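Peer 1: Provided below for reference: sequence and predicted model.
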Amino acid sequence: MAEIAAWRQAGFNTVHLVDDTFTRSARQLEPLLSALGDVGSDFAWTAMTRADLVNPALLSCLGRSGCVGLLYGVDTGSPEALARLSKRAVRYPDIAELALWNVEAGIAPTFYFLIDLLRDTMHDLELSLAQAARASAVDPGSVRLIWCVSYLERPSPAKQDMHCILISRHPTLTRCGRPSATIVTKFGA
């Protein structure tokens, strides 16, 4: 809170709290929300969390304490792809419901989807895009599609550069209607 007070004194009225599981611990969250709520009505904050770590009541508390935006790493709309990612979440809420819970609490959600994961099928892509569309129907502009990059070669300690190759296997996502695209980039040491 001392940090927030210093930013406020410097003229800032919004902060982003960086913790990808911000809502994981109710024990730690309650005193922070209370303190954030006391900062003032001209102060706002944003954070990030997982979709399975919120519910309508918690989102309402976040909104009352000044939260105006939450970032969610949804990753994919495909249960099979989530299993391949070994996600820790037991059950994600319905994406349209989650969007609605946020909007009702006065919070602007941002949902991040990973597109073209390794071993993704066209069906996986279609499920992700359908879920993204459902969230967008509730809150237009709330979805970000992140095109995945596959690191095909990892640098050894002796190498001074890394090769990064992005390959799209989905014709609907490539430019100029080509069935695949390859971009090679070198990152210097």
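Peer 2: That came through fine.

Peer 1: So what's the residue count around residue 116?
Peer 2: Counted with other C-beta atoms under 10 Å, the neighbours of residue 116 add up to 20. From N, CA and C alone the C-beta is placed, and that goes for glycine too.

Peer 1: next one: residue 2
Peer 2: Here the neighbour count serves as a burial measure; for residue 2 (other C-beta under 10 Å) it reads 6.

Peer 1: and the gap between it and residue 43?
Peer 2: Note on residue 2: its distance to residue 43, by C-beta to C-beta, to the nearest Å, is 14 Å.

Peer 1: same thing with residue 62?
Peer 2: Residue 62 is 14 Å from residue 43, by C-beta to C-beta.

Peer 1: Sticking with residue 146, tell me its helix or strand.
Peer 2: strand 143-147 (DSSP states H and E).

Peer 1: Quick check: mean pLDDT of that strand?
Peer 2: Mean pLDDT, computed over strand 143-147, is 87.

Peer 1: swap in stretch 116-131?
Peer 2: Stretch 116-131 carries an average pLDDT of 86.

Peer 1: Would you mark the buried spots in it?
Peer 2: When neighbours are counted by 16 or more other C-beta atoms under 10 Å, the buried residues of stretch 116-131 are found to be 116, 117, 120, 124, 125, 127, 128, 129, 131.

Peer 1: again, but for stretch 58-70
Peer 2: Neighbour-count burial for stretch 58-70, counted by 16+ other C-beta under 10 Å, picks out 58, 59, 61, 62, 63, 65, 66, 67, 69, 70.

Peer 1: now stretch 14-33
Peer 2: Applying a neighbour-count criterion of 16+ other C-beta under 10 Å, the buried positions in stretch 14-33 are 15, 22, 23, 29, 33.
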